[in-house]
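Q: give me coordinates for this.
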Amino acid sequence: MSVLIAIDQGTSSTRTVAYDKDLNIVYSEQQEYSLQYPQDGWVEIDPLELMQSVYGTLDPVLNSCPQITGVGITNQRETTLVWDADSGEPIYNAIVWQDRRTADECLRLKEAGFEKSIKTKTGLLLDPYFSATKISWILDNVQGARAKADKGKLRFGTVDTFLLWQLSEGSIFKTDVTNASRTNIYNIHAKEWDDDLLKIFNVPRSMLPEVHASDASFGMFERNNKNLKITGVIGDQQSALVGQRCFEPGEMKATFGTGCFLMVNTGQESKDSSSGLLNTLGYQLSGHSPYALEGSIFSAGTIIQWMRDNMKFFADSSDSIDFLSLDGNSNGVMFVPGFTGIGAPHWNSEIRAAFYGITRDTTQIDMVTAAFKALIYQVMDIKDALGKDGIEVKNLSIDGGMAANTGFCQLLADCLGQEVRVPPSTESTAIGAAITAGLGSNFFSFKELQEQDSDNVTIYKPRQEIFKSDDLERWRKFLRVLMNAYN
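A: From the prediction side, this is the model:
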């Protein structure tokens, strides 16, 4: 039996999965690794540890699957690496998408009047979230880096490009349109690296990889005495959009992983947002290249990890369901999860996390419920922003680790007043990478995917009189107070 292999390189773990032609899981391996927090608002990954997690999950899958049609890579997107062009050695740790160290530089560029041009060309805001200012920071803060870059001796990549380079021992230096579109230096309308943006961020063009369609033939690499073809590369959130089969305008997915990312297919026409959302490329598959609007929430699974590891509320993340009040009552406790700032549609990089309303009677259940509600309220803010931008959401499909929490899914449906659909496999990101690789290797066709019906989807219908609009308004007021405090 021939299989597709998906390498799903996430923010806190790597998963490698083998799928058959019907996208059933044949074999799967996952390995967590640590994040580093050198200073407040800084988030890094040791590139060696990252690659060890890739090889540690890839090798056993390769050994269990004799026939492999193609390999797909999906990855955390804006995370930035810079490495030596000759040795392939990174010159600094990977700077994670959550990292906020370049907030002052973004403010300087805004004050210089560059934000409008950047937003027009990239669809993105001028924010530390994206790769461009991370590249500049590395070049300006690692000794000798700027001089080496000017001589063409350094390479930049998001995680996909770094994996391609490492797996191929430097013979593949490429990325796809979805990852390129998250850097702040790629013009999503012309579909090319933009010289004006490179000048603004002071990034040499020689550092940049070639940009290809998501289902292109990216090249080959050898591992465990197997010659393997990489036939798909796609950023993780766009991969989940593909995995959830959001192929028509108005179809939206929400992925609850380390962060939470809502993305809606907006069709062939690029739609600029006036409400703080991001305009990006949805995918480029079989000649289809829709745009998408995205809302990014910086902390989702990290909230659960923090309550598990730091607060010791529960021993396992799956136990969090026992600490969630099923009617959403947090007894007046509110939480803003601003561990590394807050994302769409507010975009405040300085705000930090805070509870409010704690009394002598407050329990762990109140605090955990408040944390889950804070995530739901951010989803509601993004849905409202989409409405202001004229986007009607036809349906919402969710995936990621938190989609396994039935209490959370039900409360999300209650608050949104809308059905929430959960597929049988909540790992839509990995499935999307397999689909992308399958299209790139002609394992199946785009038309076949469009015609497939999703079986065994769990649908959560909203219950009456659970959602309290007063609670949402109180939470929004608390958020405004915190944002004003940090302005």
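Q: now do stretch 434-447, average pLDDT.
A: In this model, stretch 434-447 has a mean pLDDT of 90.
Q: and what of stretch 315-328?
A: On average, stretch 315-328 scores 89.
Q: need the helix or strand of the protein with the lowest average pLDDT.
A: Lowest on mean pLDDT, DSSP states H and E among the helices and strands of the chain sits helix 446-451, with a mean of 75.
Q: for it, which outside residues touch it?
A: 245, 247, 285, 286, 288, 435, 439 (Cβ atoms under 8 Å, 6 or more residues apart in numbering). C-beta coordinates here come from the backbone N, C-alpha and C atoms, glycine included.
Q: if you rank those residues by neighbours, which is first?
A: Neighbour counts for the contacts of helix 446-451 peak at residue 435, which has 30 neighbours (criterion: other Cβ atoms under 10 Å).
Q: residues touching residue 251, list them.
A: 244, 245, 264, 265, 394, 395, 397.
Q: the fifth one contacts residue 253, correct?
A: In this case it means residue 394. No - using Cβ atoms under 8 Å, residue 394 makes no contact with residue 253, being 11.6 Å away.
Q: so these two - more neighbours on which side?
A: Neighbours were counted for residue 394 and for residue 253 using other Cβ under 10 Å; residue 253 has more, 29 against 13.
Q: what's near enough to touch that one?
A: Applying Cβ under 8 Å, 6+ apart, one finds that residue 253 lies in contact with 240, 241, 244, 246, 262, 263, 396, 397, 398, 399, 428.
Q: what separation is there between the first one and residue 37?
A: What it means is residue 240. Taking Cβ to Cβ, to the nearest Å as the measure, residue 240 falls 26 Å from residue 37.
Q: who has more neighbours, these two?
A: residue 240 (29 against 15).
Q: didn't that one look like it was pressed against residue 429?
A: Yes - taking contacts as Cβ under 8 Å, residue 240 lies within contact range of residue 429: 4.7 Å.
Q: check contacts around residue 407.
A: Residue 407 neighbours (Cβ under 8 Å, 6+ apart): 321, 324, 326.
Q: surely the last one and residue 414 touch.
A: This means residue 326. No - using Cβ under 8 Å, residue 326 makes no contact with residue 414, being 9.8 Å away.
Q: about what we covered before: need the overlap of contacts for residue 240 and residue 429.
A: 255, 399, 400.
Q: and which of these is nearest residue 79?
A: Ranked by distance to residue 79 (Cβ to Cβ), the shared contacts of residue 240 and residue 429 are led by residue 255 at 15.9 Å.
Q: quick one: that closest one from residue 122, how far?
A: Residue 255 is 22 Å from residue 122, by Cβ to Cβ.
Q: the two: which is more packed in?
A: Between residue 255 and residue 122, counted using other Cβ under 10 Å, the more crowded position is residue 255 (30 against 26).
Q: surely the more buried one touches residue 427?
A: No - assessed by Cβ under 8 Å, residue 255 is found out of contact with residue 427, at 9.9 Å.
Q: which residues do these two both contact?
A: residue 399.
Q: dump stretch 252-266 to PDB, keeping only the CA atoms.
A: Output of stretch 252-266 as PDB, limited to C-alpha atoms (Å, rounded to 0.1, in the frame of the first residue of the first chain):
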ATOM      1  CA  MET A 252     -14.500  29.100   7.800                       C
ATOM      2  CA  LYS A 253     -12.300  27.000  10.000                       C
ATOM      3  CA  ALA A 254     -10.900  27.700  13.500                       C
ATOM      4  CA  THR A 255      -7.800  25.800  14.700                       C
ATOM      5  CA  PHE A 256      -7.300  25.700  18.400                       C
ATOM      6  CA  GLY A 257      -3.600  24.800  18.800                       C
ATOM      7  CA  THR A 258      -0.900  26.800  20.600                       C
ATOM      8  CA  GLY A 259      -2.800  29.800  19.400                       C
ATOM      9  CA  CYS A 260      -6.200  30.000  17.800                       C
ATOM     10  CA  PHE A 261      -6.500  31.000  14.100                       C
ATOM     11  CA  LEU A 262      -9.800  31.600  12.300                       C
ATOM     12  CA  MET A 263      -9.600  31.700   8.500                       C
ATOM     13  CA  VAL A 264     -12.400  32.200   6.000                       C
ATOM     14  CA  ASN A 265     -12.100  31.500   2.300                       C
ATOM     15  CA  THR A 266     -13.000  34.800   0.400                       C
END
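Q: restricted to strands, list the contacts of residue 251.
A: 264, 265, 395, 397 (DSSP state E).
Q: most neighbours, which of the residues you listed?
A: Most surrounded of the ones in strands among the contacts of residue 251: other Cβ under 10 Å gives residue 264, at 29 neighbours.
Q: where's the residue lying farthest from the centre of the chain relative to residue 106, distance?
A: Most distant residue from the mean C-alpha position of the chain: residue 360, 38.1 Å away (Cα atoms, centre = their mean). Note on residue 360: its distance to residue 106, by Cβ to Cβ, is 42 Å.
Q: likewise residue 183?
A: In terms of Cβ to Cβ, residue 183 sits 14 Å off from residue 106.
Q: got it, and residue 462?
A: 38 Å.
Q: more neighbours: these two, which one.
A: A count of neighbours by other Cβ under 10 Å puts residue 106 above the other of residue 462 and residue 106, at 23 against 17.
Q: and that one, helix, strand or coil?
A: helix (DSSP: H, G, I helix; E, B strand; the rest coil).
Q: that one - nearest residue in space that isn't next to it in sequence?
A: residue 126 (5.2 Å; Cβ to Cβ, 6 or more residues apart in numbering).
Q: returning to that earlier point: more neighbours: residue 326 and residue 414, which one.
A: residue 414 (23 against 14).
Q: and the pLDDT for the more buried one?
A: 93.
Q: go ahead and confirm it touches residue 462.
A: Yes - if you go by Cβ under 8 Å, residue 414 and residue 462 touch, sitting 5.1 Å apart.
Q: who are the packing partners of the lengthiest helix in the chain?
A: Longest helix in the chain by number of residues, with DSSP state H as the criterion: helix 364-388. Packing partners of helix 364-388 (3 or more Cβ pairs under 8 Å, 6 or more residues apart in numbering; DSSP states H and E): strand 251-256, strand 260-267, strand 291-297, helix 301-309, strand 334-336, helix 406-416, helix 469-485.
Q: perfect, that will be all.
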